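S.K.: Sequence first, predicted model second:
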Amino acid sequence: MFRFGVDYYPEHWPEERWALDARLMQEAGFNTVRLAEFAWSRLEPAPGRFDFDWLDRAIAILQERGLQVVLGTPTASPPPWVMAMHPDAHRVLPSGLRVAYGNRRNYCPTHAGYRERGRIITQAMAEHYAHHPAVIGWQIDNEFGDRCYCEHCRAAFHVWLQHKYQSLDALNEAWGTVFWSQVYTEWSQIPVPLETAAPFGDGSHNPGLALDYYRFLSDQYVAFQREQVAILRRRCPGHFITHNMMGAGYDRLNYFDLAADLDFVSWDNYRRMQWTFRPEVIPSEAALSHAAMRGLKHKNFWVMEQQAGAGGWQIVSVAPRPGELRLWAYQSIAHGADAIIFFRWRTARFGTEQYWHGLLEHDGRAGRRYAEIKQMGAEIARVGAEIAGSEVRADIAILLDYDSRFAFQIQANNPAFQYTNHLHDIYQAFHRRNLAVDVVSGRDDFSRYKLLIAPALYVLTEETARRIEAFVQNGGVLMTTPRTGVKDATNTVVNMPPPGLLAGVCGVEVEEYDSLPEGVSQPLAFVQSDFHNGPPPHARIWCDVLRPSSAQPVALYTQDYYAGKPAITENRYGAGRAVYVGTFGDGQLYAALVDWLLDLANLRSEISTPPGVEWSTRWRGDRPIHFVLNHTRERQPVNLKGRMRNLLNGEALESGVLELPPYQVTILTAEPVDDPMEDKVSGEKLAGAYGR
């Protein structure tokens, strides 16, 4: 069943309004509602005194309209009495300043008292709703979580370190504490990495300590979530459990670890949130987040908060244009979403999010946005069953490494470098060619892929290096980029030139490197003149000066003291190839490299669409379901290969040009023909042509 619904806050509105809301939800085609993730004050108005009557009445009204319910455990936003009971449970910032009450997600995830209150409210909710016929699942908390630097975290960090290192001698050796005479002789001496250690911004903590602290805090959120998961598994074995994450851009938690205890991943997808009034949303940004969320468990996901209107707390963001809400929701589905839940139902009249617009206006009117989603609801009623459970398939993977991501937060290497932006720059080149890409961890099985991208694999473990080496040895194609293999798992620079443990696979060593100032770049020259047409791509941010051992130069630097030295190399290793790109480059560079990499991996990009038009495919067995999305403000032509049927309206389409209006979507599948043999041949051709 495809889940289509909305996030609803009945506690914000008079009870006499609830029935009208439920009717409008039913008329919009919704079948699922998320409730109560911020309702702790109403659910437990005083310690141990629970009030579920109001929520029971709200659920009953929704249930009468055929709506089922996902409940949120409300620990993201505690009542005042909880924090008055535990005033030291307020999160402490890197500055050492303790946050005040008045927002959400301001708790310390380590605090024993706060976690106990979280278990108590979760237990009470689970017992009350375990057998409710309308309740189908749970969302743990809401959008974990910011780092805390309090004394509770410091004490727990010491325990975490003792478990990891067993002895102070081992810790001192791993962190290299002999530097600056920081050798620890008691566990209690170890600080948390407050920014006040470098009050003038001219230094940072020991990189080993800082990386371990980031790992520790990620583990604390995993443990906090696990406590609630255990209660729900025990009390509500028939319900699913998920958590709403924040896409590829959120970099404070290891999402692979957080996802492990969940039945499936959810995430919150907001597109027009910028305050610069940039004219167009970049489609590949959402697509990368979808791929990252899908990759956490290698399965389809939910979008628990799909944008329903202009966002805003103090400032109101750009309003979604007519068609964009539906377009973004279908893009989510195209990349693996089996549920779309819009945030929120009605725009709040009070509180911090008064200007975070929902499907209904402040006064409850159902206007343009509601009508757009109501149209989509009718479409989902026709095609949802066919889409649900179909899968995205990819021959290409990008490795997302949280140790490297955390380590770059500690030492950016160059102020212009941002790890997530680097992943997106590369992903965007594949997305522009309508190629499916999975996002994977270093613990994943790479053998299912033909092409593996390992961007800036700064912290490289022996296990991951072995997996990559085996992938290339067995015929895979690898591309990696600067700052790969620089550090080991302790965030210590390895005693070998970069790319460290991958030097043999890549057939190259970094002789030296140059960190470029802002605004400085240089054109690259490809060794083969026909490799790239158009203006030469530029090296930016970083230049590795490469010394090949067995690799062959692909591109050379053209300026500065390393002019004529290799910037990009290719190496044959076993049955595969390894490409080392020694600069972070620009969009033109990755666009030039992608077609070559596809040739090396024996992959093809058959679908060509105009800029801003996306073609994405899900598969049900051998049957492709194609999503064609026009993200532009102009009508766009799309070439069709073979006879197709538009699943949204049943229209049969012949080969030729499909005209797609601005911000519009079509869903296509192969159109059967009369002759069974012709049907078989046509189906095989279409499967090949559309990227199977």
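M.R.: Structure received. Numbers count the residues shown, from 1 in each chain.

S.K.: Sketch out the strands for the stretch 1-150 of the chain, chain order is fine.
M.R.: 3-7, 32-35, 68-72, 135-139 (DSSP state E, counting those that start in this stretch).

S.K.: Describe which strands the shortest one pairs with in its sheet and in which direction.
M.R.: Translated: strand 32-35. Note on strand 32-35: by DSSP bridges, its sheet partners are strand 3-7 (parallel), strand 68-72 (parallel).

S.K.: what distance separates it from the centre of its chain?
M.R.: Taking Cα atoms, centre = their mean, to the nearest Å, one finds the center of strand 32-35 at 22 Å from the center of the full chain.

S.K.: Also stretch 452-460?
M.R.: Using Cα atoms, centre = their mean, the offset of stretch 452-460 from its chain centre is 17 Å.

S.K.: and for it, what are the contacting residues?
M.R.: Stretch 452-460 is contacted from outside by 211, 396-399, 401, 403-404, 407-408, 417, 419, 422-423, 426, 446, 464, 468, 471, 476-489, 491, 494, 499-502, using Cβ atoms under 8 Å, 6 or more residues apart in numbering. Glycine gets a C-beta too; all of them are placed from N, C-alpha and C.

S.K.: Mark which of the residues you listed are buried, thanks.
M.R.: With burial judged by 16 or more other Cβ atoms under 10 Å, the buried subset of these is 211, 396-399, 401, 403-404, 407-408, 417, 419, 422-423, 426, 446, 464, 468, 471, 476-489, 491, 499-502.

S.K.: I'd guess Glu511 is in a helix, am I close?
M.R.: No - when DSSP: H, G, I helix; E, B strand; the rest coil is applied, Glu511 is found to be strand, with no helix at that position.

S.K.: With adjacent residues omitted, what lies nearest to it?
M.R.: Spatial nearest neighbour of Glu511, excluding adjacent residues (Cβ to Cβ, 6 or more residues apart in numbering): Arg547 at 4.3 Å.

S.K.: Assumed that neighbour was part of a helix.
M.R.: No - going by three-state DSSP, the assignment for Arg547 is strand, not a helix.

S.K.: check contacts around it.
M.R.: So Arg547 contacts Val508, Glu509, Val510, Glu511, Pro566 (Cβ under 8 Å, 6+ apart).

S.K.: Please name the bridge partners of it.
M.R.: Glu509.

S.K.: Which pLDDT does the model give it?
M.R.: We have a pLDDT of 98 for Arg547.

S.K.: that older thread, mark which of the buried ones among the contacts of stretch 452-460 are part of strands, please.
M.R.: Ile396, Ala397, Ile398, Leu399, Val477, Leu478, Met479, Thr480 (DSSP state E).

S.K.: where's the closest residue to Phe471 other than its chain neighbours relative to Leu423, distance?
M.R.: Leaving aside its sequence neighbours, Phe471 sits nearest to Phe446 (Cβ to Cβ, 6+ apart; 4.2 Å). Using Cβ to Cβ, to the nearest Å, one obtains 17 Å as the distance from Phe446 to Leu423.

S.K.: what do you get for Ile387?
M.R.: 27 Å.

S.K.: so who does the closest residue in space to Ala156 that isn't next to it in sequence touch?
M.R.: With sequence-adjacent residues excluded and distances taken as Cβ to Cβ, 6+ apart, Ala156 is closest to Thr110, at 4.7 Å. Residues near Thr110 by Cβ under 8 Å, 6+ apart: Cys148, Cys150, His152, Cys153, Ala156, Gln220.

S.K.: so how far is Ser77 from the second one?
M.R.: Counting by Cβ to Cβ, the separation of Cys150 from Ser77 is 19 Å.

S.K.: residue ranges with poor pLDDT in the stretch 101-250 of the chain?
M.R.: 200-203 (pLDDT under 70).

S.K.: if you set the cut-off to 90 instead, what comes out?
M.R.: 145, 197-204 (pLDDT under 90).

S.K.: For the stretch 151-300 of the chain, just list every one of the helices.
M.R.: 151-165, 168-175, 207-235, 255-259, 283-297 (DSSP state H, counting those that start in this stretch).

S.K.: Just name the most buried of those helices.
M.R.: When you average the neighbours per residue for each of the helices of the stretch 151-300 of the chain (mean count of other Cβ atoms under 10 Å), helix 283-297 leads with a mean of 24.

S.K.: Summarise which helices and strands it is packed against.
M.R.: When contacts are defined as 3 or more Cβ pairs under 8 Å, 6 or more residues apart in numbering; DSSP states H and E, helix 283-297 sits against helix 255-259, strand 266-269, strand 301-307, helix 324-334, helix 419-432, strand 437-440, strand 613-620.
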